[in-house]
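Novice: I'll drop the sequence and a predicted model, then ask my questions.
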Amino acid sequence: MSYASKYLYPLLIIFLSGLASLSLSACGGDDTEVSNPTPVLVTVVFATEAPAATATAAKTTPTATGAVAEVGFGVSTAEPGSVLPAADRPADVNPLTGLKVDDPALLQRRPLMVRVGNDPGARPQVSLNEADLVYEEIVEWWVTRFTAIYLSRDPEMIAPIRSARLINLQLAPQYQAALAHSGGSDPVRWELSQSEIVNLDEFFVPSPYFYRPNEGWQTRLAFDAQAGRDYLDGEGLDSQIKLRGFAFSEKLELEQLPKQAVIDAGEVTIPYPRQTSQARWSYDRQSGKYVRFTTGEPMLDFNGGQITAANVIIYFADHQETDIVEDSNGATSIRIVVNGRGAAWIARDGKLLKANWDTDGRETPMFIFDDGQPAPLKPGNSWVQVVPLDYQIEIDGVAQGIQDPAEAPADIEAVSENPTDTPGPTLTPIGARPAATPKSP
């Protein structure tokens, strides 16, 4: 039985029945004008059964935990959760960046996890360079979208806001985060409603959202992080949070790392759909950071400057097809498995550390080598590039992956080589909030 017939049709029948009875009462009796009362909305409560959004065959074959079957530059042989204890860091050091903050109380708050668009019409985005961490994942197989995480800073404007996807059901609990987004498809919203995630859906919590002046529908909806925090405080939702966080090292001590797991990485290219989202990171020795290019062009922040990252983490994860329709074009959602264990490659300081990720879904991922020792991040912000298991990543022009390229399915590139066949942006509504007093960029 379809989702519509199971959940929407009964509501429609009840509503129409109410209208019919009102019409009959109005037509009966004499010719005196009858004032029809406003129909009363009848609330029907159904059993909490998930909408029919059955996952179909995955594009790759994971293990039970969603990890790759091979060992070596992919999955650690150590037992999950046994190799990296909670970091003994000072109270004023950000667990997500390894950087000191002036007020340690900032780090005990619930992180804000904000959905930001990356379709071509959504650029340049606002305040991505202020995020402690940014995840990027494929949505509907033809474009990518961001989940920006803010702990140490509260920008007055983050934009453009987009809808949630299935990946947020796993990411938010890892960071004990409050999820800020503009709605989603009915099945995704249903799954969010059944979780314990602190959900700041714009349609139900409108106060932190506003429209940017003189912007079109793709770029106008924005989120005020400070207003979001005020809402959490007012509702008693911003309780003290202690994140496990990551291991950091200011200097990369190569002699202490597994030699076979470290290679040069001056340039890293992630083969997201090339017409909309192909990502390239180039190492800048002067700043010690990677700078970002999207579809060959410098990726800029609306507030000024090019997007940069101290760490670029390539997070190999199983991508499963579903029948959840996300837009009017019929594009379907992807269930991405970011809990369990898998391969993680960390680009920092012009080097690539081939390691692993490991999380039970309740804490931030650990990054560890095959021998169990931590794979340290560089202090600073990080971008996490979530990619399918069969992606071939270009490292200094050489394609490398965790699977044999011959095993990769031919249809992983969803965007046609013909530019005229490129699908349009998702038409999921992004809200109907009235314009508020605009914040300064």
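Specialist: Great, that's in hand. Residues are numbered from 1 along each chain as shown.

Novice: what sits opposite D358 in the beta ladder?
Specialist: Residues found in beta-bridge contact with D358 (criterion: DSSP bridges) are R341, M366.

Novice: can you pull the contacts of the residue nearest to the spatial centre of the chain?
Specialist: The chain has T147 as the residue nearest its centroid, 3.5 Å off, counting by C-alpha atoms, centre = their mean. Going by C-beta atoms under 8 Å, 6 or more residues apart in numbering, T147 touches 113-116, 134-137, 167-168, 171. C-betas here are computed from N, CA, C, even on glycine.

Novice: repeat the analysis, applying 7 Å as the threshold.
Specialist: With C-beta atoms under 7 Å, 6 or more residues apart in numbering as the criterion, the residues that contact T147 are 113, 115, 135, 168, 171.

Novice: got phi/psi on it?
Specialist: Summarising the backbone geometry of T147 under the convention degrees, to the nearest 10, its torsions are phi -120, psi 100.

Novice: which of the contacts of T147 fall in helices?
Specialist: Secondary structure defined by DSSP state H assigns 168, 171 of the contacts of T147 to helices.

Novice: of the contacts of T147, just the buried ones, ChimeraX syntax please.
Specialist: A single ChimeraX command selects the buried members of the contacts of T147 (16 or more other C-beta atoms under 10 Å):
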select :113,115,135,168,171
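
Novice: could you export the contacts of T147 as CSV, including pLDDT?
Specialist: Converted to CSV, those look like this (pLDDT from 0 to 100):
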residue, pLDDT
M113, 98
R115, 98
Y135, 99
N168, 98
L171, 98
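
Novice: out of the contacts of T147, who's nearest G296?
Specialist: G296 has its nearest neighbour among those in Y135, at 22.4 Å by C-beta to C-beta.

Novice: now do the contacts for that closest one.
Specialist: Applying C-beta under 7 Å, 6+ apart, the residues contacting Y135 are 146-147, 171, 384, 386.

Novice: can you check I158 too?
Specialist: With contacts taken as C-beta under 7 Å, 6+ apart, I158 has the following neighbours: 114, 116, 126-127, 148, 222-223, 225.

Novice: at 8 Å what do you get?
Specialist: With contact taken as C-beta under 8 Å, 6+ apart, I158 is in contact with 114, 116, 126-127, 148, 150, 180, 222-225.

Novice: would you mind putting those into TSV with distance to R244, secondary structure and pLDDT alongside?
Specialist: Conversion of those to TSV gives the following (distance: C-beta to C-beta, whole Å; DSSP: H, G, I helix; E, B strand; the rest coil; pLDDT from 0 to 100):
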residue	distance to R244	secondary structure	pLDDT
V114	21	strand	98
V116	25	strand	98
V126	29	strand	98
S127	25	coil	98
A148	20	strand	99
Y150	18	strand	98
A180	22	strand	98
A222	31	strand	98
F223	26	strand	98
D224	28	coil	98
A225	23	helix	98
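
Novice: residues near W142, how many?
Specialist: W142: 23 surrounding residues under other C-beta atoms under 10 Å.

Novice: how many neighbours does the residue lying closest to A148 once chain neighbours are set aside have?
Specialist: If you skip the residues right next to it in sequence, A148 has A131 as its closest partner in space, 4.0 Å away by C-beta to C-beta, 6 or more residues apart in numbering. Counted by other C-beta under 10 Å, the residues lying close to A131 total 28.

Novice: nearest residue to the residue nearest to the centre of the chain in space, please, no chain neighbours.
Specialist: T147 sits nearest to Y135 (C-beta to C-beta, 6+ apart), 4.3 Å away.

Novice: partners of that neighbour in the sheet?
Specialist: The residues paired with Y135 through beta bridges, assigned by DSSP bridges, are T147, V384.

Novice: I'd like to know how far it sits from N214.
Specialist: Between Y135 and N214 the distance, using C-beta to C-beta, to the nearest Å, works out to 30 Å.

Novice: just the element for I346, please.
Specialist: strand 340-348 (DSSP states H and E).

Novice: any idea how many residues pack against E140?
Specialist: Applying other C-beta under 10 Å, I find that E140 has 23 neighbouring residues.

Novice: wait, it touches G330, no?
Specialist: No: using C-beta atoms under 8 Å, E140 is not in contact with G330; the gap is 9.5 Å.

Novice: between these two, which contacts overlap?
Specialist: By C-beta under 8 Å, 6+ apart, E140 and G330 have no common neighbours.

Novice: before we move on, back to that, contacting residues for the residue nearest to A148?
Specialist: A131 makes contact with 114, 148-150, 153, 381, according to C-beta under 8 Å, 6+ apart.

Novice: now a PyMOL select for only the buried ones of those.
Specialist: A single PyMOL command is used to select the members of the contacts of A131 judged buried by 16+ other C-beta under 10 Å:
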select buried, resi 114+148+149+150+381
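
Novice: you'd agree A227 is in a helix?
Specialist: Yes: with DSSP: H, G, I helix; E, B strand; the rest coil as the criterion, A227 is located in a helix.

Novice: for it, list the residues it contacts.
Specialist: By C-beta under 8 Å, 6+ apart, the contact list for A227 reads 207-208.

Novice: same deal with G304?
Specialist: Counting by C-beta under 8 Å, 6+ apart, there are no residues that G304 touches.

Novice: what distance do you get for it to R280?
Specialist: Where R280 is concerned, G304 sits at a distance of 21 Å (C-beta to C-beta).

Novice: same check, this time on Q260
Specialist: 26 Å.
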